[in-house]
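Peer 1: Take this sequence and fold it.
(one chain, ligands or ions: 1)
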Amino acid sequence: MRPADEAREARYLKFKAKNPQVPFSRYLMERQYRNMRKGDQAPSGALRIALGSPDEFWQSGRAKAEKLMARAELAPSHKAIEYGCGSLRIGAHFIRFLKAGHFLGLDVIDGFYELGKRALGPELLSAKSPRFHVIDAAGLAMAEAFDADVVFSNVVCVHVHPDETAEYFRNLARLAHKPGARLLFNAHISDVPLRFEFDGWSWPMAFYKNALEGFALVRAELGRPRMQDGVQTAPVDFEFRRPSCDQFA
Ligand SMILES: C[S@@+](CC[C@H](N)C(=O)[O-])C[C@H]1O[C@@H](n2cnc3c(N)ncnc32)[C@H](O)[C@@H]1O
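Peer 2: Okay, here's the model as predicted:
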């Protein structure tokens, strides 16, 4: 890790020693949100974008949202969950496209999606009635009962701390329980496990396949490889699918 990341890690370990019950994800997101509100350190562009102009907000996630919607063969009658929805630069496009009540956004804290709701505006919110919840027992139960056709998680997996990866994949699998449900997420892939930033992790292909036992791997689309700390990593867009009932017949 670079010295700046080592300093962040030292700060986190100090916090963890005093607050062992707070997971890394909540530590990080609460801190990023607080810093952003204070106008100190800005979080990543993906989270900050809802504070920009409406044009920037709608443009920033458009290409990725369109790609995800095409991959999912999304129809307005489908139900979609975004796991780690941030400030909705991607989710906004799903909300606009889907029938009212057919989008559910989940995130570690509510601060970023509340900014996204403001960027969507009252008219779209009232016409489409998207639902939002933090990732806790109630939110997960509600999301499971939502019976999603599509669950997607964009630029989240790479940030999931190893202490939380089992829970991350367990939750994704739980929410994509419907026979035939599609699970789309991106990640980083490498021959060996690698932490390449304070909050960046890359894993071998077998790690992802094992984590989603019970799903069929439909697609793993690799992006341009690059060297990180002497290890080659590549971004990867995954599509997994829950087998449909007739595949068991
Ligand atoms: C870079 S942002 C991406 C937001 C949004 N998906 C997008 O593409 O604009 C990462 C998001 O993942 C969420 N996140 C981080 N760790 C997580 C975890 N362990 N489980 C679920 N969400 C997590 C954060 O709260 C944040 O909203």
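Peer 1: Now S77. Nearest residue, chain neighbours left out?
Peer 2: Nearest residue to S77 in three dimensions, chain neighbours excluded: K99, at 5.9 Å (Cβ to Cβ, 6 or more residues apart in numbering). Placement of C-beta: from N, CA and C, glycine included.
Peer 1: you'd agree that neighbour is in a strand?
Peer 2: No: using DSSP: H, G, I helix; E, B strand; the rest coil, the assignment for K99 is coil, not a strand.
Peer 1: Contact partners for the nearest residue to N186 once chain neighbours are set aside?
Peer 2: What sits nearest to N186 in space, not counting adjacent residues and going by Cβ to Cβ, 6+ apart, is D237, at 4.9 Å. Counting by Cβ atoms under 8 Å, 6 or more residues apart in numbering, D237 touches 67, 71, 184, 186, 219-221, 223.
Peer 1: On the three-state scheme, D237 is what?
Peer 2: Using three-state DSSP, the structure places D237 in strand.
Peer 1: doesn't P76 make contact with the residue nearest to S77?
Peer 2: Yes: counting by Cβ atoms under 8 Å, K99 does reach P76; the two are 5.0 Å apart.
Peer 1: So which of these two has more stuff around it?
Peer 2: K99 (13 against 9; other Cβ atoms under 10 Å).
Peer 1: Now the more buried one: phi and psi?
Peer 2: phi -60, psi 160 (degrees, to the nearest 10).
Peer 1: for H102, same thing?
Peer 2: Per degrees, to the nearest 10, the backbone of H102 is at phi -100, psi 10.
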